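**Student:** the sequence and its predicted three-dimensional model are supplied below.
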Amino acid sequence: MRKGISTKGLGKKLVAFGMVFTLSASMLAGCQSGDKKAKEEKPLYLDAKASTEDRVKDLMSRMELKDKIAQMIMAERNVADGGADFKDVTQYGLGAILSGGGSAPTSGNNPEDWSQEINGYKKAASESKFKIPILYGVDAVHGNNNVYGTTIFPHQIGLGATGDAALVEEIGMTTASETRAIGSNYAFSPVLGVAYDEHWGRFYECFGENPDLVTELGTAYVNGLQGRKDSDDFISDYRVLCSIKHFVGEGQVEQGVNQGDVQMEPEKFDQLLRNEIIKPYVSAIEAGAQTLMVSYNSINGVNCHENKELITDYLKGELGFRGIVISDYDGVEHCKGEEYKDQLQACVNAGVDMLMEPLDWQICYYSLKTLVEEGRVPEERIDDAVSRILTVKFNTGLFEEEINGKAEKEQLEAVGCDEHRALARKAVSESLTLLKNDKMKNKKTAIQTLAEGKKIAVMGEAADDIGTQCGGWTISWNGDKGETTIGTTILAGFKEVASDKEFEYVDSAEDISKDVDAVIIVAGENPYSESAGDTGANGLYLNYYGKTMVAETKEKFGDSIPIVLMLVTGRPLTVQEEMDSIDALVCAWLPGTQCEGIADVLFGDVEFTGTTPVTWPVTAYDIAEKFTDDSLVMFKYGMGLKKDGSSIQK
C-alpha cells in the first residue's frame, strides 16, 4: 500500500496506470491487513528489538550446512591471487573478508580507495541470501598502518616503555577511528604475548616481558579499540572489534624462533600459563574482547591451531570465553595431517570457529562441507562456531549498521588529522627512554649540555627516514625504508622544534664541522616483521655503520662534546663496545610517524618518562641467562633516566 493514501471515508480514489479505481472501506482495510501480514513475515533475526539469543536461533534454523560453513570463512580481498570478490560474498554468503599486510585496493592506497572497496564488500553482503553482514579485518597494529596517510603510533614495545594505560587507551580509540573511517569494523590487535627472547622477529609487537604490564596496557588497548564494556560507546560506529592475539605462548618459544615450539614439561608450562601468560587474556576477555586469534607456535610439538585441550577445554570451557576463536593467516596448514582435509578437521575439531584461509577459501569451504557430510566434523561443532559468529555480529549491531554511514564519513575526514598526530607525538615523547646520561666537564649531564648547544651534528640514515622509524607492519607487511607514508622524521622534528639551532646532517664523522656543540648518532634496525626479523645473536649487535660512526666520532672529538647514540629498534641491541665512547644512550624504539616528540624531549621542556619494558642484556649472547644472572644485565627492567641523570620512579 502506497504511503499517503488515507483510509478514512468511502469512495477514496487511486489513480494507477491512467485508470481510476474506487476503493471501499473494506477494500482499504484488506490492504491494511495485507500490509500488516507482510510486516509480520519479516524474519525475526532482522528485528533489532528481539533478543540476540532469539535472533541467532531464528537465523540458524533457516540456514543450510553450506550457509553455515560460509560464515566460518574469512577470505582475502586480493582477487588476483585467489581472494574473494563482491560476487563471491553475495553468492556464498561469506562471513568475513580481510586485507593482509600490504594488501591494498587496486585503485590506490588512500583512505578513500579503501572506503570505496570495503563498503562495496559490505553492500555485497547485504545482497546475499540472508543479508548477514561481514566482518572486515585489517592489521591495525600501530594505527591503521596499511593505509597511506594515516597516523602511525609507536609499536607496542614503545607503548610498553610509556607504562601509560590512559595514553594507550586513547591511542586505541584513535586507531579505531581511523580504521572505522575506511569501513573496516575489525582490527587484529592487540598482541598480548609476553616477550622473553629478543631473537624473535615479533618482539616489538609485544608491550614487554612483564605479564602485569602486558595485562594493564593490553586491556587499555582493548578498551580503546572497542569502547568500555556496558557503555553506550561499546563497539559503536566509532569503534571496532578487536582480536586479542596470539593464543598462546608465542613469546616463550625455544630460541625465539617465530612459529616455533615451546619445549617445557607439561606441569611447568601449565604453571607458566596460569600464573603469567594467561593474565592478559583473562583481563581482556573480562573487558569485553569478542574475538581471539590462535598462535602459530606449538607447545611440546602440538600446534596451537590443533590444540583442543587449550582452545575448547581451557579457553572456552574453564575460562568461559563466548566469543569467536579465529585462526591466524593460513593457520589450518600448521596442523598435522597428510592432506588439507586432515589439517582442517584437526583445526575445526580443536575449537577454531573462523578460518582465515585467505587465498584457499574455496578449498576450505568445500573441504569442510565434505568433512561434515562424512561425519569427521560433527555438525554440532559447526553450529557452535556459527552461533558464536552470529552472536558477535548481532551484539555489536552489525545488522543495523549503515553502509558508509555518517560516522564513517566524519572519520574519513579526520584520518591523519592534526589532533591524531599530536597524540602520536605525545606517545613518542613518553616512550623515549634514556639509558645512559653521563656528567660532562661543565657539571651538567650530556643531555642537558646537548639541549644548550647551538650547532649540532646529526648522523645516520635512520635520522631522516620515515620507513625506518615506523618499522614493520607499515604500508607493507615487512615495512620498508624511505618515504613510505606521511610524517615527520627525527631530523625534521629537530629542525621544527629547535628552529633556533643549526643542525648539520652528515654521512660520516669526517664531514662534521669542528665547531659543533654535540653529535647525535641515529642507528638501529631496518624494517622487518615476523620470521624475517628472527635473528641470531650476531644480528642483535649495533651494525657496522653504527659502530663506525661511534668510533670515528669519539676519535675526532674525544671528551670535548657530548656524543649521543640514539637507537631506532624494536628490541635491545648489544652496545657494550660503544658504551665508553658515548655520553648518552637514548632508545627511541620504533616511534612511528611523529618524531617531533623526540625533539620535544631533547630540546624542549618535556622530561624523559620512558623506562625499558624489557631486561636489556650486556650482550645478545646473554639472553638465555639474563633473567637469572644479574651480572649479565646491562639495564634492568623498568630502568630509565631523567635529563639531570636521576632515575625515573614509576
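**Tutor:** Noted; the coordinates are in hand. Numbers count the residues shown, from 1 in each chain.
**Student:** doesn't residue 519 fall inside a strand?
**Tutor:** Yes: counting by DSSP: H, G, I helix; E, B strand; the rest coil, residue 519 is part of a strand.
**Student:** for the nearest residue to it once chain neighbours are set aside, helix, strand, or coil?
**Tutor:** Spatially, and ignoring its direct neighbours in sequence, residue 519 is nearest to residue 457 (4.6 Å; Cβ to Cβ, 6 or more residues apart in numbering). Where C-beta positions appear, they are placed from N, C-alpha and C, glycine not excepted. Following three-state DSSP, the label given to residue 457 is strand.
**Student:** residues near residue 457, how many?
**Tutor:** 24 (other Cβ atoms under 10 Å).
**Student:** now the closest residue to residue 201 other than its chain neighbours: how far from residue 459?
**Tutor:** Leaving aside its chain neighbours, residue 201 sits nearest to residue 533 (2.6 Å; criterion: Cβ to Cβ, 6+ apart). Noted for residue 533: a distance of 25 Å to residue 459, by Cβ to Cβ, to the nearest Å.
**Student:** now residue 327
**Tutor:** 45 Å.
**Student:** what's the answer for residue 502, then?
**Tutor:** Counting by Cβ to Cβ - residue 502 and residue 459 are separated by 15 Å.
**Student:** now residue 632
**Tutor:** Distance, residue 632 to residue 459, by Cβ to Cβ: 30 Å.
**Student:** now the helices for the stretch 501-650 of the chain?
**Tutor:** Secondary structure of the stretch 501-650 of the chain (DSSP state H, counting those that start in this stretch): helices at 544-557, 596-602.
**Student:** identify, out of these, the most deeply packed stretch.
**Tutor:** Mean neighbours per residue, mean count of other Cβ atoms under 10 Å, is largest over those for helix 596-602, with a mean of 26.
**Student:** run through who's touching that one.
**Tutor:** Contact with helix 596-602 is made by 424-430, 432, 447, 450-451, 488, 490, 493-494, 496-498, 566, 586, 588, 591, 606-608, as judged by Cβ atoms under 8 Å, 6 or more residues apart in numbering.
**Student:** show me how to select, in PyMOL, the buried members of those residues.
**Tutor:** Of the contacts of helix 596-602, the buried ones go into a single PyMOL selection, burial set by 16 or more other Cβ atoms under 10 Å:
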select buried, resi 424+425+426+427+428+429+430+432+447+450+451+488+490+493+494+497+498+566+586+588+591+606+608
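**Student:** which ones among the contacts of helix 596-602 are found in strands?
**Tutor:** The strands, defined by DSSP state E, take in 566, 586, 588 from these.
**Student:** middle-most residue in the chain, spatially?
**Tutor:** The structure's the chain has its C-alpha centroid closest to residue 141; by Cα atoms, centre = their mean the separation is 2.1 Å.
**Student:** quick one: that one and residue 189 touch, right?
**Tutor:** Yes: Residue 141 is in contact with residue 189 according to Cβ atoms under 8 Å; the separation is 4.9 Å.
**Student:** for the residue nearest to residue 519, what are its contacts?
**Tutor:** Listed by Cβ under 8 Å, 6+ apart, the contact set of residue 457 reads 503, 504, 505, 506, 512, 513, 516, 518, 519, 520.
**Student:** could you redo the last one with a cut-off of 10 Å?
**Tutor:** Taking Cβ atoms under 10 Å, 6 or more residues apart in numbering, we find residue 457 in contact with 502-506, 509, 511-513, 516-521, 553, 557, 561, 563.
**Student:** using PDB, write out every CA atom in stretch 532-548.
**Tutor:** Taking Å, rounded to 0.1, in the frame of the first residue of the first chain, the C-alpha atoms of stretch 532-548 are listed here in PDB:
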ATOM      1  CA  ALA A 532      62.000 -12.000   8.600                       C
ATOM      2  CA  GLY A 533      63.100 -10.500  11.900                       C
ATOM      3  CA  ASP A 534      64.200 -13.700  13.500                       C
ATOM      4  CA  THR A 535      68.000 -13.500  14.100                       C
ATOM      5  CA  GLY A 536      70.900 -15.000  15.900                       C
ATOM      6  CA  ALA A 537      73.000 -13.100  18.500                       C
ATOM      7  CA  ASN A 538      75.200 -11.600  15.800                       C
ATOM      8  CA  GLY A 539      72.200  -9.800  14.300                       C
ATOM      9  CA  LEU A 540      71.500  -8.100  17.600                       C
ATOM     10  CA  TYR A 541      74.600  -6.000  17.700                       C
ATOM     11  CA  LEU A 542      74.800  -2.500  16.500                       C
ATOM     12  CA  ASN A 543      75.500  -2.700  12.800                       C
ATOM     13  CA  TYR A 544      78.900  -1.900  11.200                       C
ATOM     14  CA  TYR A 545      77.800   1.500  10.100                       C
ATOM     15  CA  GLY A 546      76.600   2.400  13.600                       C
ATOM     16  CA  LYS A 547      79.800   1.100  15.200                       C
ATOM     17  CA  THR A 548      81.900   3.000  12.700                       C
END
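**Student:** buried ones in it, by neighbour count?
**Tutor:** Buried-residue list, stretch 532-548, by 16+ other Cβ under 10 Å: 533, 534, 535, 537, 540, 541, 542, 545, 546, 547.
**Student:** okay, the fourth one: pLDDT?
**Tutor:** On pLDDT, residue 537 comes in at 97.
**Student:** distance of it from residue 373?
**Tutor:** Computed as Cβ to Cβ, the residue 537 to residue 373 distance reads 52 Å.
**Student:** again with the third one
**Tutor:** Taking Cβ to Cβ as the criterion, residue 535 is separated from residue 373 by 47 Å.
**Student:** residue 108 in helix, strand or coil?
**Tutor:** What three-state DSSP gives for residue 108 is coil.
**Student:** would you confirm that it contacts residue 115?
**Tutor:** No: the criterion here is Cβ atoms under 10 Å, and residue 108 misses it with residue 115 at 11.3 Å.
**Student:** in terms of neighbours, single out the busier of the two.
**Tutor:** More crowded of residue 108 and residue 115, by other Cβ under 10 Å: residue 115, with 22 against 13.
**Student:** can I get the one helix or strand that one maps to as PDB, trimmed to CA atoms?
**Tutor:** Residue 115 belongs to helix 111-126 when elements are defined using DSSP states H and E. The C-alpha coordinates for helix 111-126 follow below in PDB (Å, rounded to 0.1, in the frame of the first residue of the first chain):
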ATOM      1  CA  PRO A 111      41.700   6.200   2.700                       C
ATOM      2  CA  GLU A 112      39.100   7.000   0.100                       C
ATOM      3  CA  ASP A 113      40.100   4.000  -2.000                       C
ATOM      4  CA  TRP A 114      39.800   1.700   1.000                       C
ATOM      5  CA  SER A 115      36.400   3.200   1.900                       C
ATOM      6  CA  GLN A 116      35.000   2.600  -1.500                       C
ATOM      7  CA  GLU A 117      36.200  -1.000  -1.700                       C
ATOM      8  CA  ILE A 118      35.300  -2.100   1.800                       C
ATOM      9  CA  ASN A 119      31.800  -0.600   1.500                       C
ATOM     10  CA  GLY A 120      31.500  -2.500  -1.800                       C
ATOM     11  CA  TYR A 121      32.000  -5.700   0.200                       C
ATOM     12  CA  LYS A 122      29.500  -4.600   2.800                       C
ATOM     13  CA  LYS A 123      26.900  -3.900   0.100                       C
ATOM     14  CA  ALA A 124      27.600  -7.300  -1.500                       C
ATOM     15  CA  ALA A 125      26.900  -9.000   1.900                       C
ATOM     16  CA  SER A 126      23.700  -7.100   2.200                       C
END
